[in-house]
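Asks: Provide a 3D model corresponding to the input given below.
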Amino acid sequence: MPIFESTAGPIHYRDSGDGPPIVFVHGLFVTGTMWRKIVEPLSQRFRCIAPDLPLGAHKIPMKPSAELNPRAVAGLVRELIEHLDLENVTVVATDTGGAITQLLLTGGYDRIGRVVLTPCDSFDNFLPKSIRIFQYWARVPGTDFVLRPFRLRAARAALGNTLAKHSIPDEVLGDWVAPLLEQQAIRRDARAFLRGIDNRDTLAAAETLRSFPRPVLLLWPRKLPFFPFAHAERWLRLLPDAKLVEVPDSYTFVSEDQPELMVREIEAFVGQRV
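Replies: Numbers count the residues shown, from 1 in each chain. Sure thing, here's the model as predicted:
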């Protein structure tokens, strides 16, 4: 897997296929492997780039001095796009990655042609209230005990079941949580990001994106934890060129629960505009 030497430190990324580029932006405590079910079929027509951003499941720590707040991580996505000299990029995002993408767009979108948002942090829902305990963990010393349950398969499964309606394999979940459990420097990076979260940033980004001129596809289940369907409807009203597709039988990780639908919608969305 290639490594991009960003200003913050080394970032692994997957790069497969050929054609119009798609960059996938994941959220907290996972890696680019969360896109595994859709990257393989999409790479038959598109160039698919899925980085492991420094959000707590990455395997190589960033520089101790690195800025890793949400705006800085959005900057790392931009660095990768520029490093690979990509043009007319489709950005696909989910979960915390959606907020990162919103911040990316407010910093300029000359290389970005379109955006796909699946359920993600938006507006004042950054982070969702039910998981803000992780911000407490990031700020209070001596609280690593909150992570210990995730050494157990049952706890990992319970976590996975809040993200995907259909179970995520334990080998995938285990790979996501291992760096956080085993490396103090990875915990340092995750804490830096969590401490930098401020929903004033996503509220301001939403106002800026009222004039966003690129097409946006919203793939959003109606009933799911963390990210209300009302936020998808709000984006539909706010964005100048947006389409909303209601996703059945899925939670936040649409790529996990409904990969065939996601592939079909992305192929149509990108294909009609290339």
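Asks: So which residues of the stretch 1-150 of the chain form strands?
Replies: For the stretch 1-150 of the chain, the strands defined by DSSP state E, counting those that start in this stretch occupy 3-5, 10-16, 21-25, 47-51, 89-95, 112-120.
Asks: would CSV of the ones you listed with mean pLDDT be doable?
Replies: Putting the strands of the stretch 1-150 of the chain into CSV (pLDDT from 0 to 100) gives the following:
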stretch, mean pLDDT
strand 3-5, 96
strand 10-16, 98
strand 21-25, 98
strand 47-51, 98
strand 89-95, 98
strand 112-120, 98
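Asks: Nearest to Phe150, out of those?
Replies: strand 89-95 (17.1 Å; C-beta to C-beta). Yep, even glycine has a C-beta here, placed from its N, CA and C like the rest.
Asks: Who does that closest one pair with, and is each partner parallel or antiparallel?
Replies: strand 21-25 (parallel), strand 112-120 (parallel) (DSSP bridges).
Asks: Between its first and last residues, how far does stretch 5-15 reach?
Replies: Using C-alpha to C-alpha, to the nearest Å, the end-to-end distance of stretch 5-15 comes to 15 Å.
Asks: outside of it, which residues touch it?
Replies: By C-beta atoms under 8 Å, 6 or more residues apart in numbering, the surrounding residues in contact with stretch 5-15 are 1-4, 31-32, 39, 47-54, 58-63, 66-68, 72, 75-76, 79-80, 84.
Asks: In helices, which of these fall?
Replies: 39, 72, 75-76, 79-80 (DSSP state H).
Asks: Next, give me the two most distant ones among those residues.
Replies: For the ones in helices among the contacts of stretch 5-15, the farthest-apart pair by C-beta to C-beta is Val39 and Ala72; their separation is 25.6 Å.
Asks: Of those two, which one has the most company?
Replies: Between Val39 and Ala72, counting by other C-beta atoms under 10 Å, Val39 is the more crowded of the two (24 against 19).
Asks: For that one, which residues are in contact?
Replies: 14, 16, 24, 48, 50.
Asks: Nearest to Arg222 among those?
Replies: Nearest to Arg222 among the contacts of Val39 is Phe24, at 23.6 Å by C-beta to C-beta.
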